[in-house]
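S.K.: curious how this folds, go ahead:
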Amino acid sequence: MNRNRMVIGLGVALVVAFLLSNFIYRKFQEASAARGVPMGHIVVAAGPLALGTRLDPSMLRTISWPISQPMAGTFKRTQDCANRALITSVTENEPILENKLAPAAAGAGLAAVIPEGMRAMSVAVNDVVGVAGFVTPGTMVDVLVTGAVAGSGQGGQTITRTILEDVRVLAAGQKVQQDEEGKPQAVPVITLLVSPDEAPKLAMASTQGKIQLALRNTVDTGTAIPAPVLQSTLFASGAPVVTPVKHVAVAKAVATAAVPSAYQVEVITGSKRETKSFAQQ
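M.R.: I've put the predicted structure just below:
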């Protein structure tokens, strides 16, 4: 019973707080107008809107805004930004800005949020490759690939190398928005934002090798350029590795040092022994 009362009380408090905030907001607008401050209008979102949403006037509304404090990129009428897609998510009452909208001819959905000169590519993942489902839209990842070393002289070794760094995840499955609570999403496909030069690398890695995604902090934009790892190096016993070139050089040096500059022959005549030297030809 006490728990139910607490829940009811919390709900009532939230409703009262919401009504009070709206009342204060309206009074602020009225007070600003009453003081003779010239007011204009800007377009804001009528409710939360997801990335890729094609705007409709019903999703928008206008609010009063002081003309003396203009905000760059805003719209005065809902019709001016209708039928354009959002390239980022917005919250309720957030101003609709020009830099948050795709060009009018870009359409809607995922295609509208791809910047000019970039590409979206999808790769198959599982719980391991997708970092237990924490690779979600908006996160940044590095792409690693493991595959066989090309060339007959490598002894069938495998190698792991980092082919892409600081790549943005556009979508997880068919979702382009993160879970509000940050929950992981188990999906079979991840879509990455790559450049035209990076796209062939990702395609080759995903079809001819085995890829792994490494999740990184979104504010960490540096590149580490890690060295590739060979199977023989990773699983070596610890014995020093001598390259064939050095081995040949040492062998030649030993062989050269072992060759004498002259031959010595011991000559025995009866009970007399003597050693005679003959120069090497």
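S.K.: mind showing which ranges of the protein have poor pLDDT?
M.R.: 1-36, 107, 151-155, 180, 237-273, 276-281 (pLDDT under 70).
S.K.: and if we set it to 90?
M.R.: Scanning the chain for pLDDT under 90 picks out 1-40, 48-54, 64-71, 81-93, 99-117, 125-139, 148-158, 170-187, 217-281.
S.K.: which parts of it are helices?
M.R.: Along the chain, the segments classed as helices by DSSP state H run 2-34, 198-208, 231-234, 244-258.
S.K.: what number of residues lie near I190?
M.R.: By other Cβ atoms under 10 Å, 26 other residues sit near I190. Where C-beta positions appear, they are placed from N, C-alpha and C, glycine not excepted.
S.K.: that one and L215 touch, don't they?
M.R.: No. Using Cβ atoms under 8 Å, I190 is not in contact with L215, being 11.2 Å away.
S.K.: who touches both of those two?
M.R.: Shared contacts of I190 and L215, defined by Cβ atoms under 8 Å, 6 or more residues apart in numbering, comprise V135.
S.K.: Q178 and L193, how far apart?
M.R.: Distance of Q178 to L193, given as Cβ to Cβ, to the nearest Å: 15 Å.
S.K.: I'd like to know how many residues surround K100.
M.R.: 20.
S.K.: list the contacts for it?
M.R.: Neighbouring residues of K100 by Cβ under 8 Å, 6+ apart: 86-88, 90.
S.K.: can you report phi and psi for the closest residue to I190 other than its chain neighbours?
M.R.: Nearest residue to I190, sequence neighbours excluded (Cβ to Cβ, 6 or more residues apart in numbering): V125, at 5.0 Å. Note on V125: its backbone torsions stand at phi -140, psi 170 [degrees, to the nearest 10].
S.K.: so A203 touches M121, yeah?
M.R.: Yes. Using Cβ under 8 Å, A203 is in contact with M121, at 7.1 Å.
S.K.: higher neighbour count, those two?
M.R.: M121 (17 against 13).
S.K.: surely the more buried one meets P196?
M.R.: No. In this structure, M121 is not within contact of P196 by Cβ under 8 Å, at 10.6 Å.
S.K.: quick revisit: burial of the residue nearest to I190, as a residue count?
M.R.: The number of residues near V125, taken as other Cβ under 10 Å, comes to 22.
S.K.: residues touching it, list them.
M.R.: Taking Cβ under 8 Å, 6+ apart, we find V125 in contact with 135, 187-190, 213.
S.K.: show me what contacts the nearest residue to R216 once chain neighbours are set aside?
M.R.: Among residues not flanking R216 along the chain, M140 sits closest, at 5.1 Å (Cβ to Cβ, 6+ apart). Applying Cβ under 8 Å, 6+ apart, we find M140 in contact with 166-169, 215-218, 220-221.
S.K.: what do you get if the cut-off is 10 Å, keeping everything else the same?
M.R.: By Cβ atoms under 10 Å, 6 or more residues apart in numbering, the residues touching M140 are 165-169, 193, 214-221.
S.K.: T221 and D142 touch, don't they?
M.R.: No. T221 is not in contact with D142 according to Cβ atoms under 10 Å; the separation is 11.9 Å.
S.K.: shared neighbours of these two, anything?
M.R.: 165-166.
S.K.: which one of those two has more residues nearby?
M.R.: Using other Cβ under 10 Å, the more surrounded residue of T221 and D142 is D142, with 18 against 10.
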